[in-house]
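Colleague: Based on what follows, work out the 3D shape:
(2 chains)
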Amino acid sequence: MYAFIILSVLILLFTAFFFIGKISETSTAIRKANASDEGDDSYDDMEHVSNINGYLSLLFMVGFLFLSFYGTLHYLPRMIPRLANSVHGQELDKMFMMTYYITASIFLITHIVLFAFVFMYRYRRNRKAYFFSHSNTLEIVWTTIPALAMAYLVYNGLIAWNETFTKDNSFTEYFGNDYSDQTPITMEVTGYQFGWKVRYPGTDARLGNRIIDDEHINEFYATYSLPNELGIDWQDDSSSHDDLFVDDTVRFVKGHPAIVNVGALDVLHSFYLPHFRIKMDCVPGTPNQIKFIPLYSTEEYREILSKEAYWQEINEATGRPRWETFNFELACTELCGASHWAMQKYVKVYETMDEFYAWQNAQTPYYVSTVEPAIAAVDSPTEEEVTEDEVSIEMAKN
Amino acid sequence: MADLTTNPNVVNPSHEGQVDQGHDHGHHDDHHHEETFLTKYVFSMDHKMISKQFLITGIFWAFIGGAMSLLFRLQLAWPESTFPFMETLLGRWAEGGQLSPDFYYALVTIHGTVLVFFVLTGGLSGTFANFLIPLQIGARDMASPLMNMLSYWFFFASSMVMFCSLFIETGPASGGWTSYPPLNGLRDVAVNKGSGLGFDLWLTSISLFIVSSLLGGLNYISTIINLRTRGMTLSRLPLVVWGLMFAAILGVLAFPALLSAAVLLEFDRLLDTSFFLNNIVINGELLAYKGGSPILYQHLFWFLGHPEVYIIIIPAMGIVSDVMSVHARKPIFGYKAMLISMLAIVVIGFFVWAHHMFVTGMSPVLGVVFAIFTLLIAVPSAIKTFNWITTLWRGNLRLTVPMLFCIGFVSLFITGGVTGIFLGNPAVDVQLHDTYFVVAHFHIIMGVAAFFGMWAGVYHWFPKMFGRHMNRTLGYMHFWITLVSAYLVFFPMHFMTGFPRRYWSFTNFETFNTMGNLQAIITIAAFVVFSAQILFLTNFFYSIFRGRPVTEKNPWGATTLEWTTPIRPGHGNWEGNIPSVHRWAYDYSTANGDVGQNVPLQEGEVVH
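Modeller: Next comes the predicted model:
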């Protein structure tokens, strides 16, 4: 019903517009007929029309520029916090702001000049346009200035880019600091439809090998009725035996380099940590790596947000101020199918390595809980037949 | 063709001013036949009719694509509400009145595809290249009218295939207009509903479109090079013709790469080859594809995909340059600089494609190269902008509807252009890639700005196309409502910096659920933009049949050759000789007043 009403209103509105248009055209024609002394007959009311549109242009310029900058300031507190939680992220943000100041000035100046000219030089019957076809000086000026500005931006940008993406994982000279004495956390994230497999090494700090072939994936699955999508070499590489899979929250430690191996099982995904300025595509069959150093723990970041008005507002869902329940998040930014929008996980940054170890030690490795029993059930069957049901009960217990 | 038989040029093709092309038409003399409805309006070989066919097909798709965006904007604005009319319209794709994610992605995909290819390439280049090239260079038709007709009919077939794909059981393609494999490389509806038959049809449609584009493009280039009238040197061509030629060159060089990608992708899908697929695990099972690279597809795609945005915007730049000059009553400022900067954009435009792929994991060194070229392209773009602004300086600006669209174009080009400087810089792009910031950027610069160029062209050349004027007041309303509300749609998207694009709903993320009613404001503005286009549509079709008739050959007082033809030119364009050209196209407000290109130099004048 309401759709019908809206539709009728729209139709009426546009019928009205249409007739306004028709009437104005007719009245122009009548005026033209009455004032036959006018010269160029298409342009007899051009002065009048250009006046109206000249003033409208001026009005538009003021409104548009005001709303652009007012809107930016108004929505600033709601944007993803501009305090990047990573060493490289703060550098990238400096680049963003540098670009912003340059482009915002260009935007402001060119718009003012553009619409001021439209207003100043709107049609006048007695005005003659000035024949001005070219000026090499002007062209050189406005080739050089943008070229210099671009050179400046690209130079600074590429320094930050190279620092961020150099393949060296030693962290001896990372953005001017030495982080090589901080224990790195190497982990692996694999995107699939629709979620993330997140794997941490156990106490040996080594991830178990992956061998992506028929034997380690399809045959393993067929033999032990246990999917092994990642192709982890459970049987021949014992470093896989203490690997941890996490379900809900990805974990990092403040000040410690995080080295993330990203990949995908089925289609493209993209590993996106908005607060950390991290984005890396997950490509099936092509391993990628990205590294960063978090700067604030979750608690510290909440503390910082608690000073901002937007984050002090009460969150209706929890009844508490927004900053209290704030969490970093992981999202997918490469279209991967119908539930692309739902690949959410939380991200936690620990204050110290000890907190991380404490969490690590409290987990049961996947091998112990699931893989070992499945292999045992098939390879060394006990007297009584182990049915699939019993395997899954055992899995559940573990 | 009836017109041609009375054309003295045809009887005597070696006439002064007539470049040797009379043979194309001469053979019609013998069989003097009336044009039927079918030959005049359907299978026409007249470039003017073909251009109208492109335009009207483009308008049709613009409305389909636009309406699609309204449906998914409703979902984005009110993700937790239901709209019963949606179920009526879409059936099981919107059960309970909520758009399903599958169909949401299908709408996003088809919206992008049809607007980029069918509207802004077919509709924009197809219309104006066909209409303007022969008329402005002084030719009776295209080099090959038959190829030209085929170009339209391949476009039509491509349109029809795409249109049919909207109605199939598994739904149209839904893997994004970029159609990256493996999502689109596996012909498995369990992976993605739209990757089944829907995507086969998508690939078929795009392949047909590429054929159409190549037939058209080769024709435009050879026409411009070979069929210019006497005196029309390359350096006297109006900028719009240059723009259309550059776009055609880009298309001819870049579209084949997409065709190869499309063919290889279809091989992967139907014949189980592994060009783009490697080590794929689905439901715990490793599939047999080995050794391909999904990234290779992206390189092939963007080798077209980036030049494609210039294929869209360069003709719009050309239109704006010329239309602005006419209505400012001033020569375009810095014709040579405009030309060189367009050429620079074309050349550099071929070396920037991988800036769409900064975070695919490609070598950071490669990223450096592409970043440098990308920011380099900002320089010619800046030159063009400053030249347009200087064209307005001390002009006598007739603020007609096409002129306002030109001014709107410049504003949009600046707004959308400066955000490109963020995205071209890989350090900044890491955070912005695939987020609403990108959506804002490209919708403003190659969506709305290109549309403004197109409207400037339609309003400006409508009197030549149909022999009638469009209603001016409706035109002004169309302009102001569109400008304001289009900015209201896309400018606020910059505030959602870092919010991923192509999300059906943001509600399960705290990070992306902070903008309150901003999405709703955008959606309402989108409805207003769309409504304003109904105004345009009404004006357009009403004016074709009932508009105020044009009473003089040259209603805008322009200098280019198309305005020397009869008010309603027949096939062949000029009734007498084709005029010769003696000067460039921008002699406005000279010491001798406004002087058409066909007017011989007067005493004391210096040749341009």
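Colleague: Buried residues, the helix or strand hosting residue B:65. List them.
Modeller: Assigned by DSSP states H and E, residue B:65 belongs to helix B:47-77. Within helix B:47-77, the residues scored as buried using 16 or more other CB atoms under 10 Å in any protein chain shown are B:47-55, B:57-62, B:64-66, B:68-69, B:71-77. For every residue, glycine as well, the C-beta is placed using N, CA and C.
Colleague: now do stretch B:163-179
Modeller: By neighbour count on 16+ other CB under 10 Å, the buried set for stretch B:163-179 is B:163, B:165-166, B:170-179.
Colleague: from memory residue B:538 sits against residue B:474, does it?
Modeller: Yes: between residue B:538 and residue B:474 there is a contact under CB atoms under 8 Å: 7.3 Å.
Colleague: which residues do these two both contact?
Modeller: residue A:18 (CB atoms under 8 Å, 6 or more residues apart in numbering or on different chains).
Colleague: out of these two, which sits in the more crowded spot?
Modeller: Set side by side, residue B:538 and residue B:474 show more neighbours around residue B:474, with 27 against 18, by other CB atoms under 10 Å in any protein chain shown.
Colleague: can the helix or strand hosting the more buried one be found next to chain A?
Modeller: Using DSSP H and E, residue B:474 falls within helix B:472-490. Yes: judged by CB under 8 Å from any CB of the partner chain, helix B:472-490 comes into contact with chain A through B:472-474, B:476-477, B:480, B:483-484, B:487.
Colleague: Just among the residues you listed, which is most surrounded?
Modeller: Most surrounded of the residues of helix B:472-490 next to chain A: other CB under 10 Å gives residue B:474, at 27 neighbours.
Colleague: all strands of the stretch 251-398 of chain A, in order?
Modeller: Taking DSSP state E, counting those that start in this stretch as the test, the strands found in the stretch 251-398 of chain A are A:258-264, A:269-273, A:278-282, A:288-292, A:314-315, A:320-321, A:328-332, A:345-350.
Colleague: just flag whichever of those strands has the lowest average confidence.
Modeller: Mean pLDDT is lowest for strand A:314-315 among these, at a mean of 88.
Colleague: and it, which strands flank it?
Modeller: strand A:320-321 (antiparallel) (DSSP bridges).
Colleague: which other residues reach the partner strand?
Modeller: For strand A:320-321, with CB under 8 Å, 6+ apart as the criterion, the contacting residues are A:306, A:311-315.
Colleague: got a pLDDT number for the closest residue to residue B:222 other than its chain neighbours?
Modeller: Leaving aside its chain neighbours, residue B:222 sits nearest to residue B:143 (4.5 Å; criterion: CB to CB, 6 or more residues apart in numbering or on different chains). pLDDT recorded at residue B:143 is 94.
Colleague: can you check residue A:61 too?
Modeller: 97.
Colleague: Tell me the helices and strands packed up against the longest helix seen in chain B.
Modeller: The longest helix of chain B (DSSP state H) is helix B:294-328. In terms of contacts (3 or more CB pairs under 8 Å, 6 or more residues apart in numbering or on different chains; DSSP states H and E), helix B:294-328 is packed against helix B:127-137, helix B:239-271, helix B:335-348, helix B:378-392, helix B:401-424, helix B:449-466.
Colleague: Sort out which residues of it are buried, please.
Modeller: Buried, per 16+ other CB under 10 Å, within helix B:294-328: B:294-295, B:297-328.
Colleague: Kindly report the same for stretch B:540-554.
Modeller: B:540, B:542-544, B:547-548, B:550, B:554.
Colleague: Next: stretch B:366-384.
Modeller: Buried, per 16+ other CB under 10 Å, within stretch B:366-384: B:367-368, B:370-384.
Colleague: still on that earlier bit, can you put the buried residues of stretch B:163-179 in CSV and add distance to residue A:266?
Modeller: Formatted as CSV, the buried residues of stretch B:163-179 follow (distance: CB to CB, whole Å):
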residue, distance to residue A:266
B:163, 31
B:165, 24
B:166, 26
B:170, 18
B:171, 20
B:172, 21
B:173, 18
B:174, 16
B:175, 13
B:176, 16
B:177, 21
B:178, 18
B:179, 16
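Colleague: if we look at chain A, which of those residues are close to it?
Modeller: Answer for the buried residues of stretch B:163-179 near chain A (CB under 8 Å from any CB): B:174-176.
Colleague: Would you mind listing what in the stretch 151-300 of chain B touches chain A?
Modeller: Counting by CB under 8 Å from any CB, the stretch 151-300 of chain B sits next to chain A at B:174-176, B:180, B:182-183, B:186, B:191-193, B:277-286, B:292-295.
Colleague: Give the residue spans of chain B that score low on pLDDT.
Modeller: Residue ranges of chain B with pLDDT under 70: B:1-34, B:608.
Colleague: make it 80
Modeller: For chain B, applying pLDDT under 80 flags the ranges B:1-35, B:603-608.
Colleague: One more: chain A?
Modeller: Ranges of chain A meeting pLDDT under 80: A:1-44, A:166-168, A:247, A:380-398.
Colleague: hang on, the earlier thing: closest to residue B:256 out of the strands of the stretch 251-398 of chain A?
Modeller: Set against residue B:256 and scored by CB to CB, those come closest in strand A:278-282, at 26.2 Å.
Colleague: Just want the angle from the closest one to strand A:328-332.
Modeller: 30 degrees (axes from the mean of the first three to the mean of the last three CA atoms, to 10 degrees).
Colleague: who's in contact with strand A:278-282?
Modeller: Strand A:278-282 has contacts (CB under 8 Å, 6+ apart) with A:86, A:89, A:189-191, A:260, A:262-264, A:268-273, A:288-290, A:292, A:333-334, B:359-361, B:430-431, B:433-434.
Colleague: returning to what we had before: just how off-centre is the longest helix of chain B within its chain?
Modeller: In terms of CA atoms, centre = their mean, to the nearest Å, the centre of helix B:294-328 is found 8 Å from the chain centre.
Colleague: And stretch B:174-183, by the same measure?
Modeller: 22 Å.
Colleague: Start and end of that stretch, how far apart?
Modeller: This stretch, stretch B:174-183, spans 9 Å end to end (CA to CA, to the nearest Å).
Colleague: Excluding covalently adjacent residues, which one is nearest to the residue of the stretch 101-250 of chain A found nearest chain B?
Modeller: As assessed by CB to the nearest CB, chain B sits closest to residue A:227 within the stretch 101-250 of chain A, at 3.2 Å. Closest residue to residue A:227 apart from its sequence neighbours, by CB to CB, 6+ apart: residue B:284 at 3.2 Å.
Colleague: Neighbours of the one you found, how many?
Modeller: Residue B:284 has 16 neighbouring residues, counting by other CB under 10 Å.
Colleague: Tell me which residues touch it, please.
Modeller: Contacts of residue B:284 (CB under 8 Å, 6+ apart): A:217, A:221, A:227-229.
Colleague: Could you tell me which of those residues count as buried?
Modeller: A:217, A:221, A:228-229.
Colleague: Please narrow those to those residing in helices.
Modeller: Short answer: the buried ones among the contacts of residue B:284 in helices (DSSP H) are residue A:221.
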